[in-house]
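> I would like the atomic coordinates for the input below:
(4 chains)
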Protein chains: 2
Amino acid sequence: MERLAGSSRLLRAMNESASLAYLFDRGPLTRGALRELTGLSKPTTSEVLRRLTDAGLAIVIGHTSGGPGPNAEIYAANPEAGYAVGVSVRETRLPSLALAVCDINGAVLARAERAADFARVEPEAAITAAVEELCTEAGTVPDRIRHVQLGVPGSYDPTSGVIRHIDVPGWNRPGLVDRLADRLGVPVAVENDVNLAAVAERAHGVARDVDGFALVWFSFGLGLAIDLGGQLLRGARGGAGEIGYVPVGLRGGGPGTDLHDLVGGQAVQALAAAHGLRTAGAADAVAAAVASGADEFLSALADRIAVGIAAVAAVLDPPLVVLAGDVAQAGGDALRDAVVAALRATTPLDTPIAVTGVTDDAVLLGALDCGVRAVRETLVGTLRDAIPPS
Amino acid sequence: MERLAGSSRLLRAMNESASLAYLFDRGPLTRGALRELTGLSKPTTSEVLRRLTDAGLAIVIGHTSGGPGPNAEIYAANPEAGYAVGVSVRETRLPSLALAVCDINGAVLARAERAADFARVEPEAAITAAVEELCTEAGTVPDRIRHVQLGVPGSYDPTSGVIRHIDVPGWNRPGLVDRLADRLGVPVAVENDVNLAAVAERAHGVARDVDGFALVWFSFGLGLAIDLGGQLLRGARGGAGEIGYVPVGLRGGGPGTDLHDLVGGQAVQALAAAHGLRTAGAADAVAAAVASGADEFLSALADRIAVGIAAVAAVLDPPLVVLAGDVAQAGGDALRDAVVAALRATTPLDTPIAVTGVTDDAVLLGALDCGVRAVRETLVGTLRDAIPPS
DNA sequence: CATTAGTTAATCAGTCTGCCTATTAATCAA
DNA sequence: TTGATTAATAGGCAGACTGATTAACTAATG
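Below is the predicted model:
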């Protein structure tokens, strides 16, 4: 229930932040267009835009032409109002970083990849150095950055400030995030990498116009991200989506088989080997299977995947399930069709299933998207907080 | 992102609705207390309360005393501002109804139970008659009712307006809800009964102060409700929580065992019988087992339940899992302890588990709670909509 | 008499309506 | 083809209006 109360100052703050929000997500607008969206009068719209430009939050980027009458000025959010950095921390054979800066409108200014030996260089130093290098490449200064979004293969517990379930050396130390924020002089947020992939899927992939979806990530590890109307579900301790722990089958007492044993990277490779496919990794195995038409292996794999999806679908009933990660991407539509068939054969659930539509680095794109959104929130909040502390 | 923009009228509407909202959920307040909560000035607070009382939404219910100075008037939401009806439609051996009316503050005015033979009387007629009778019992008129909340053992698809997965005769007909609303002349909302039990659990049970929780319902059927910060998760087609479809074990192709086959009412009874307990129903069997200390049966049952909870916990990581429904209630703490042990033995998840704290009819209480909230929203919205259509 | 509840009057902030001017494209006459 | 005329639109300005605030004031209570 809305509980906002106040005086005319609140009104101005609301009108300004609403206008800025429209500039952010409806793109460039004329005064007239903004007037229609906000329902404000001509003088007020003018005043709001004057103040936003004075504050460096909006700029005139052009003029209309063609129609009768004067050419209306076209306003847009000032891209230089703040930059966001996205960082993807990867745990492959060698730990590595992918990072990028973008402006408030989401345009990427610079991008880089780096190997990083976290056993020798501590994470704070490595990230700080990488960000500074990125800034010089982008031709900007670190001061302009308003938010750094990290994506890590683990879950972040905001109450304790610790990244858990992470295998990259040095990254599970308590206080790391605070120290990094201190060093960079910028707010730092941490998010699970699969969650960020889901953010990218909503922004650029197949989940663009969907109410919500579950993204299942098949790679070396196994992950799940849940998007409910654009909001991520993280769970009590950031542990939502630890789908690898879904039990498979009953057993008396002791620990038994779970989903990780069935469709984790190693399990997939083992299954492939059992079907006579010997390759370097799980993704390669699946790609080879698709190429050579090894249907038996694919349908065996699909059976296993269907178990996990059935559990997710029964609990959440998502409007869409997206298969992502290098293994799923290697499988493509062939794997998707096999999974659909397996699911239909076993349960009455008819949840639509799709393969990811993000071809670029999904985690990095998602981190940028989250970062930009955070910067926008900050800027809108700045206006809102013009309300005096009573 | 907030997009509200407007002029001084909006301000008044906001201040009034915020004040009313505070009266609703902080209970009776003096002018001074409301002033602190809203941050408004003395004259404005007075004006707002004057308008609310004029509109019949607030009343003076008393005066302070004891301190120096005049006695402050104590304001409260006018209980007569609107009534809500909750109806629980049950599918037992004989279909039956439980219903109650309460005022805007949640005080129950009248309550009734009724058998209803929906094979012979159509649902619209039966509900309408029951509501009218309830009104005379409560000494009020049906006009005063602003919302009717139904709880049904099935899922309601708001897009098609059809109640699905329901076994009570006549209730799966398309357009039923609209016809009922027409006949009663009041908005009618439908919700899954387990979801309503979760609402009651949050309002009156063990989930009062928790961020979110998953409520697993064990009765004749099997259900799951997911509460995320007080918001229910319903799924794409109202099918979230169809936990009975969670698969158990791998199988090649054909339909195999699912959770319903494991812990549905019949399955529990069969399991009890296998352990030498012959009773009329699942709940009785469990109660008998607890009374007689039949630990083997209980731990076998707990093993099965743990599979379901593990799946839910792995997907959602809820801060709490609540066991509810007559079977769980019969099991009580003994069953809870057995389930905790079974869960710890099989998975690394350490989600807290509790038995329901609602002893009264949870579905009916939840329906009343939902109904009251809907009426409050309507009233607050009335004030908000004082904003002219430009 | 000190303290508090609530009202009244004057003021201030912010938006709205209505009118005005300037600018552009289209149309029409020479 | 060119210049004048007209219609349509962008944006600014002045005065009215709404609603909240501050500050002073009245009245009630221990």
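> A:Ala84 should be in a strand, yeah?
Yes: judged by DSSP: H, G, I helix; E, B strand; the rest coil, A:Ala84 forms part of a strand.
> list the contacts for the nearest residue to it once chain neighbours are set aside?
Closest residue to A:Ala84 apart from its sequence neighbours, by C-beta to C-beta, 6 or more residues apart in numbering or on different chains: A:Gly371 at 3.1 Å. Every residue, glycine included, has its C-beta placed from N, CA and C. Applying C-beta atoms under 8 Å, 6 or more residues apart in numbering or on different chains to A:Gly371 gives the contacts A:Ala84, A:Val85, A:Gly86, A:Cys102, A:His147, A:Val148, A:Gln149, A:Ala189.
> Can you say which helix or strand has A:Gly371 in it?
Take DSSP states H and E as the rule and A:Gly371 turns out to sit in helix A:362-384.
> Where does pLDDT dip in the stretch 51-200 of chain A?
Filtered on pLDDT under 70, the stretch 51-200 of chain A yields the residue ranges A:93.
> to the chain's geometric centre, what's the distance from the strand or helix carrying A:Val286?
Per DSSP H and E, A:Val286 falls inside helix A:282-292. Centroid separation between helix A:282-292 and its chain, computed with C-alpha atoms, centre = their mean, to the nearest Å, is 27 Å.
> could you give me the average pLDDT of it?
Averaged over helix A:282-292, pLDDT sits at 86.
> average pLDDT for the helix or strand that it is followed by?
Proceeding N to C from helix A:282-292, the next assigned helix or strand is helix A:295-316, under DSSP H and E. Helix A:295-316 carries an average pLDDT of 88.
> orientation of helix A:295-316 relative to helix A:282-292 in degrees?
Orientation note: helix A:295-316 sits at an angle of 120 degrees relative to helix A:282-292 (axes from the mean of the first three to the mean of the last three C-alpha atoms, to 10 degrees).
> Is there contact, residue-wise, from helix A:295-316 to chain B?
Yes: for helix A:295-316, a contact with chain B is found by C-beta under 8 Å from any C-beta of the partner chain, at A:Asp303, A:Arg304, A:Val307, A:Ala310, A:Ala311, A:Val312, A:Ala313, A:Ala314, A:Val315, A:Leu316.
> Report the buried residues of that helix.
Within helix A:295-316, the residues scored as buried using 16 or more other C-beta atoms under 10 Å in any protein chain shown are A:297-316.
> List the pairing partners of the next helix or strand after it within its sheet, with orientation.
The helix or strand immediately downstream of helix A:295-316 is strand A:321-324, counting by DSSP H and E. Applying DSSP bridges to the sheet, strand A:321-324 is found paired with strand A:212-218 (parallel), strand A:353-355 (parallel).
> What distance do you get for A:Gly39 to B:Gln329?
Distance of A:Gly39 to B:Gln329, given as C-beta to C-beta, to the nearest Å: 53 Å.
> now do A:Pro95
A:Pro95 is 51 Å from B:Gln329, by C-beta to C-beta.
> next one: A:Asp227
A:Asp227 sits 35 Å away from B:Gln329, taking C-beta to C-beta as the criterion.
> who has more neighbours, these two?
A:Asp227 (24 against 20; other C-beta atoms under 10 Å in any protein chain shown).
> May I have the phi/psi pair for that one?
Main-chain dihedrals, A:Asp227, degrees, to the nearest 10: phi -110, psi 120.
> residues from chain A in reach of DNA strand C?
Contact residues, chain A versus DNA strand C (C-beta under 7 Å from any atom of the strand): A:8-9, A:11-12, A:15, A:39-44, A:47-48, A:65-71.
> hmm, back to that, residues of the helix holding A:Gly371 that come out buried?
Buried-residue list, helix A:362-384, by 16+ other C-beta under 10 Å: A:362-376, A:379-380, A:383-384.
> Same question for stretch A:161-168.
Buried residues in stretch A:161-168, counted by 16+ other C-beta under 10 Å: A:Val162, A:Ile163, A:His165, A:Ile166, A:Val168.
> hmm, back to that, most widely separated two among the contacts of A:Gly371?
Maximum pairwise distance in these, criterion C-beta to C-beta, is 15.2 Å, between A:Cys102 and A:Ala189.
> Give me the more crowded residue out of these two.
It is A:Cys102, of A:Cys102 and A:Ala189, that has more neighbours when counted by other C-beta under 10 Å, with 23 against 17.
> show me the residues around the more buried one that make contact.
Applying C-beta under 8 Å, 6+ apart, one finds that A:Cys102 lies in contact with A:Tyr83, A:Ala84, A:Gly86, A:Val108, A:Leu109, A:Leu368, A:Gly371, A:Val372.
> Is the fifth one in a helix, a strand, or coil?
Right, the one you point to is A:Leu109. Three-state call for A:Leu109 (three-state DSSP): strand.
> Please report how far it lies from A:Ala129.
Computed with C-beta to C-beta, the distance linking A:Leu109 and A:Ala129 is 18 Å.
> Who has more neighbours out of the two?
Ranked by neighbour count (other C-beta under 10 Å), A:Leu109 and A:Ala129 place A:Leu109 first, with 17 against 13.
> quick one, helices of chain A?
For chain A, the helices defined by DSSP state H occupy A:8-26, A:31-38, A:42-54, A:123-138, A:176-184, A:193-204, A:259-263, A:265-274, A:282-292, A:295-316, A:326-346, A:362-384.
> tell me which residues of the shortest one are tucked away?
For helix A:259-263, the neighbour count (16+ other C-beta under 10 Å) marks A:Leu259, A:His260, A:Leu262, A:Val263 as buried.
> Kindly report the same for the fifth one.
Along helix A:176-184, the positions that meet the burial threshold by neighbour count (16+ other C-beta under 10 Å) are A:Leu176, A:Val177, A:Arg179, A:Leu180, A:Leu184.
> so what's whichever residue of the stretch 151-300 of chain A sits closest to DNA strand D up against?
The minimum distance from the stretch 151-300 of chain A to DNA strand D, using C-beta to the nearest atom of the strand, falls at A:Asp209 (30.0 Å). By C-beta under 8 Å, 6+ apart, A:Asp209 lies in contact with nothing.
> State the phi and psi torsions of the residue of the stretch 201-350 of chain A found nearest DNA strand C.
Closest approach between the stretch 201-350 of chain A and DNA strand C, counting by C-beta to the nearest atom of the strand: A:Gly230, at 28.5 Å. Backbone torsions of A:Gly230, given as degrees, to the nearest 10, read phi 90, psi -10.
> Repeat that for A:Ser219.
With angles defined as degrees, to the nearest 10, A:Ser219 sits at phi -150, psi -140.
> Find the nearest non-adjacent residue to the residue nearest the centre of chain A, please.
In chain A, the centroid-proximal residue (C-alpha atoms, centre = their mean) is A:Leu196; its distance is 2.5 Å. For A:Leu196, ignoring the flanking residues on the chain, the nearest one in space by C-beta to C-beta, 6+ apart is A:Gly366 at 3.1 Å.
> if I read this right, that neighbour contacts A:Ala200, doesn't it?
Yes: the pair A:Gly366 / A:Ala200 is scored as a contact, 3.8 Å apart, by C-beta atoms under 8 Å.
> Name the nearest residue to A:Met14, ignoring sequence neighbours.
B:Leu4 (5.6 Å).
> who's in contact with that neighbour?
Per C-beta under 8 Å, 6+ apart, neighbours of B:Leu4: A:Met14, A:Ala18, B:Leu10.
> count of residues packed around A:Ala119?
10.
> My understanding was that it contacts A:Asp167; is that so?
No: counting by C-beta under 8 Å, A:Ala119 sits too far from A:Asp167 to count as a contact (12.0 Å).
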